[in-house]
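[1] my questions are about this predicted structure, shown below with the sequence.
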Amino acid sequence: MADKPHDPTLSVWLSPPEKKRRGAAPSGLSRERIIEAAVALLDAEGVTAFSMRKLAAGLSVTPMSVYWYVDNKDALLELALDAVIGEIRPQPLEDHGDWHRHLYVLAHEYRRCYLNHPWAAELSGRYLAVGPNAMLFSSSAVHALTRTGLTGDQLGGALALVFQYAYAFALVETQWNRRVKLAGTDEDVLYRQMLGLLSQADPRHQEFEELLGYDREKSIEAARNRQFDQGLEMALAGIEATVDRLPKQD
């Protein structure tokens with residue numbers, strides 16, 4: 001069964017309710033099991049190598065059995081994307097009432113989700129983030145920021161500042177991690193090798209390294225974590241400064 005070309009205006013979450021399919025459901029299968037297997041296959045092989053035939057083989061069923069539960073590959077990828085977003089479990093804001101801390105934790109979890117599932121970073125934007133887990137995440141972030149008094153473009157800009165930062169940071173990390181995997185070596189070893197060559201080619205790289213406070217004898221992953229955290233805190237500080245300039249309510 002060939003998949004239809006992806007329609008960017010549609011979403012599996014916006015499709016009309018499916019008509020009851022003829023015949024009995026394939027034994028031993030469920031949509032949940034298929035999504036779980038799809039996530040595992042995507043984690044192992046990535047989006048490019050993913051296929052419905054390969055997924056079906058891993059489940060020891062025919063491809064047609066999978067299509068009994070999902071209409072096409074795009075629908076399944078969208079379901080898998082929302083499933084991994086569901087790994088982010090926002091703490092109820094009412095438990096602490098601190099919007100700064102709430103967004104700080106959400107941004108870290110958002111980044112971690114993409115690092116754990118690099119393929120999800122590739123699919124984000126390709127599919128509409130309107131699944132139940134994505135909406136829970138978005139709602140949690142929006143409700144936290146509404147406590148600041150920000151509205152309209154300022155509210156949207158604050159959300160973009162925090163979460164597009166986290167997404168972009170994670171996307172670059174996933175590409176770097178892929179490069180490390182292809183090199184078949186430790187990332188610290190690869191990083192030091194590359195910096196050594198770059199410094200020979202252009203001494204400015206050595207200067208940049210010193211200005212950024214890198215230590216070639218320490219973990220580059222630890223340095224990335226520190227940089228992400230610092231950038232996030234600066235973004236949140238910028239939001240706080242904007243909030244402080246809002247007209248005071250009488």
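    In hand now; what should we look at? Residues are numbered from 1 along each chain as shown.
[2] what separates the one helix or strand in the chain whose mean pLDDT sits lowest from the chain centre, distance-wise?
    The weakest-scoring helix or strand in the chain, judged by mean pLDDT, DSSP states H and E, is helix 204-211 (a mean of 80). Averaging C-alpha positions (Cα atoms, centre = their mean, to the nearest Å) puts helix 204-211 31 Å from its chain's average.
[3] dump the C-alpha coordinates for it into PDB.
    Extracted as PDB, the C-alpha positions of helix 204-211 are listed here (Å, rounded to 0.1, in the frame of the first residue of the first chain):
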ATOM      1  CA  ARG A 204      41.100  32.900  15.900                       C
ATOM      2  CA  HIS A 205      39.600  29.600  16.900                       C
ATOM      3  CA  GLN A 206      42.100  29.300  19.700                       C
ATOM      4  CA  GLU A 207      41.100  32.800  20.800                       C
ATOM      5  CA  PHE A 208      37.400  31.900  20.700                       C
ATOM      6  CA  GLU A 209      38.100  28.800  22.800                       C
ATOM      7  CA  GLU A 210      39.900  30.800  25.500                       C
ATOM      8  CA  LEU A 211      37.200  33.500  25.500                       C
END
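[4] need the next SSE after that helix, C-terminal direction.
    Heading C-terminal from helix 204-211, the first helix or strand you meet, by DSSP states H and E, is helix 220-244.
[5] ok, residues contacting that following helix?
    100, 103-104, 107-108, 111, 145, 148-150, 154, 158, 161-162, 165-166, 169, 173, 187-188, 191, 212, 214-215 (Cβ atoms under 8 Å, 6 or more residues apart in numbering). C-beta coordinates here come from the backbone N, C-alpha and C atoms, glycine included.
[6] again, but for stretch 42-53
    3, 38, 41, 54, 63, 66-67, 73, 76-77, 80, 116-120, 122-123.
[7] and the one residue sitting closest to the centre of the chain, what pLDDT?
    Averaging the C-alpha coordinates of the chain gives a centre point, and the residue nearest to it by Cα atoms, centre = their mean is Tyr114 (3.6 Å). pLDDT, Tyr114: 98.
[8] doesn't it lie inside a strand?
    No - using DSSP: H, G, I helix; E, B strand; the rest coil, the assignment for Tyr114 is helix, not a strand.
[9] helix or strand next in line after the longest helix along the chain, which one?
    Of all the segments of type helix in the chain, defined by DSSP state H, the longest one is helix 152-183. Going down the chain from helix 152-183, the next helix or strand is helix 187-201, by DSSP H and E.
[10] buried sites along that next one?
    For helix 187-201, the neighbour count (16 or more other Cβ atoms under 10 Å) marks 187-188, 190-191, 195 as buried.
[11] on that earlier part again, may I see the buried residues of the least confident helix or strand of the chain?
    Here helix 204-211 shows His205 as buried, counting by 16+ other Cβ under 10 Å.
[12] could you list the domains of this structure?
    31-85, 103-184+219-244 (automatic domain parsing).
[13] with distance to Phe208 added, can I get those domains in TSV?
    What follows is the domains of the chain, written out as TSV (distance: least, Cβ to Cβ, whole Å):
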stretch	distance to Phe208
domain 31-85	31
domain 103-184+219-244	13
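[14] quick one, which of these gets closest to Glu207.
    Evaluated over the domains of the chain, closeness to Glu207 peaks at domain 103-184+219-244, with 16.7 Å, by Cβ to Cβ.
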